[in-house]
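In: below: sequence and its predicted model.
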Amino acid sequence: MPQPRRRDTSRRKPGKRTGAGAFFGKLILALVLAPVLYFGFYLIYPNVSALRERNPGKTAFMRYREREWEREGADRKLVHTWVPIEKVSPYVAKAVIISEDDKFWSHEGFDIEALEDAARKNLERREFAFGASTISQQLAKNLYLTPRKSILRKVTEAIITWRLERTLSKRRILELYLNVAEWGEGIFGIEAAARHYYNKSAASLTARQAARLAAVLPNPRRWNPTGGSRLVERRANRIYTIMARRGQIDREYDNIMRDRPKGTTPAPAPADSLTPAPGDSVGIPPVSPSDTTSISQPDSGAALPSPPAPREFPEADSIPSSVP
């Protein structure tokens, strides 16, 4: 006599998922855990503490350029020479801070007001056209990331920036930045830039030369500090003007450094600190990136006019920029 079939009740056990349900559950879990693990990784890596005493070698940004040249079949080489901040003209630090991050000494890695302004302008233009990266953020990008624009990269950059600010002194951050910043095609660091554009050491740069080098940082592969871009000229003049208004230029020292014969020892730099005057800040409104009309420029070795007296400068400072 045939046995009656037993009813299979295993499928109806409470909590038992079907194959599709289990798959989607795992997918959701993976989507939640993936960003947590990714960003958690950057909370411990890279080892930014090593930068307290150790100078970085080839940065991620440098390697990115090398891969770019290799894809293009370009025969180029990196030019980079490390120099301690004590052997960099004090004008360079002042000019770079005015150009790139005037609140450098007071913020903790991020300029909130500049970020809000950039966000508003990007929304108005419906594209990622303006940025508000501080020197610390730029350092994080240059050391460990790439110039590619994406939300993921910006969040990663923010995490590394937060760690850099909590691990290193402001002076060390500035020293690192001046040595790894891009100053032209294959030119990295202030020493290489000074040698390439002015045939002198970073210690011998004048205030005018420092202002020109700082002026091209937003777009160093397109702009040339010794070229004829009207935008570079305006930015450099404005940076120099702000330095003079703040009393950061020793005109006698600047003239001596400009006319110093090659091979001689530079005079001691004027005694000052790298900190800005209390309450002195600079706004940096953007201009159109297409504003690069060329004009004739005087020879870099020609005599430069002395800056006007500080009282003649306007109270509001602004530097044209088109930094994305």
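Out: Arrived safely. Not measured: the values here are computed from a predicted model.
In: from here on, just use CA atoms for contacts and neighbour counts.
Out: Noted.
In: ranges for the helices of the stretch 51-200 of the chain?
Out: Under the criterion DSSP state H, counting those that start in this stretch, helices of the stretch 51-200 of the chain are mapped to 60-72, 90-100, 112-125, 135-144, 151-167, 170-180, 190-198.
In: just the strands in the chain please.
Out: 79-80, 187-188 (DSSP state E).
In: I'd like to know how many residues surround Asp250.
Out: 15 (other CA atoms under 10 Å).
In: I should have written Arg65 there, sorry.
Out: Using other CA under 10 Å: Arg65 sits among 18 other residues.
In: for it, what are its contacts?
Out: Neighbouring residues of Arg65 by CA atoms under 8 Å, 6 or more residues apart in numbering: Gly186.
In: quick one: which of the helices of the stretch 51-200 of the chain is nearest Arg235?
Out: helix 90-100 (8.2 Å; CA to CA).
In: may I have the closest one exported as CSV, CA atoms only?
Out: The C-alpha coordinates for helix 90-100 follow below in CSV (Å, rounded to 0.1, in the frame of the first residue of the first chain):
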residue,chain,number,x,y,z
PRO,A,90,60.6,84.1,3.8
TYR,A,91,58.8,85.9,0.9
VAL,A,92,57.8,82.5,-0.6
ALA,A,93,55.9,81.4,2.5
LYS,A,94,54.2,84.7,2.8
ALA,A,95,53.2,84.9,-0.9
VAL,A,96,52.0,81.3,-1.0
ILE,A,97,49.8,81.7,2.1
ILE,A,98,48.3,84.9,0.7
SER,A,99,47.6,83.2,-2.6
GLU,A,100,46.4,79.8,-1.5
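In: from the contact counts, what lies against that helix?
Out: helix 207-215, helix 230-245 (3 or more CA pairs under 8 Å, 6 or more residues apart in numbering; DSSP states H and E).
In: buried deepest among those, which one?
Out: Most buried of those by mean neighbour count (mean count of other CA atoms under 10 Å) is helix 207-215; its value is a mean of 27.
In: need the residues that contact that helix.
Out: By CA under 8 Å, 6+ apart, helix 207-215 touches 91-92, 95-96, 99-100, 183, 193, 225-226, 232-233, 235-237, 239-240, 249, 254.
In: please apply the same query to stretch 178-186.
Out: Against stretch 178-186 from outside (CA under 8 Å, 6+ apart): 59, 62, 65, 76-79, 81-83, 93, 139, 142-143, 188-191, 193, 213, 216-217, 220-224.
In: next, the buried residues of it.
Out: 178-184, 186 (16 or more other CA atoms under 10 Å).
In: related to what we said a few turns ago, buried subset of the contacts of stretch 178-186?
Out: 59, 62, 65, 79, 82-83, 93, 139, 142-143, 188-191, 193, 213, 216-217, 220, 223-224.
In: on that earlier part again, rebuild the helices and strands packed on helix 90-100 as a markdown table, extending it with distance to Leu168 and mean pLDDT.
Out: Output for the helices and strands packed on helix 90-100, formatted as a markdown table (distance: least, CA to CA, whole Å; pLDDT from 0 to 100):
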| stretch | distance to Leu168 | mean pLDDT |
| --- | --- | --- |
| helix 207-215 | 23 | 97 |
| helix 230-245 | 26 | 96 |
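In: JSON lines for those helices, including distance to Leu43?
Out: Compiled in JSON lines, the helices and strands packed on helix 90-100 are given as follows (distance: least, CA to CA, whole Å):
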{"stretch": "helix 207-215", "distance to Leu43": "31"}
{"stretch": "helix 230-245", "distance to Leu43": "36"}
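In: which stretch among these comes nearest Glu124?
Out: helix 230-245 (23.5 Å).
In: elements contacting the closest one?
Out: Using 3+ CA pairs under 8 Å, 6+ apart, helix 230-245 sits against helix 90-100, helix 207-215.
In: relative to helix 90-100, how tilted is it?
Out: Interaxial angle, helix 230-245 versus helix 90-100 (axes from the mean of the first three to the mean of the last three CA atoms, to 10 degrees): 120 degrees.
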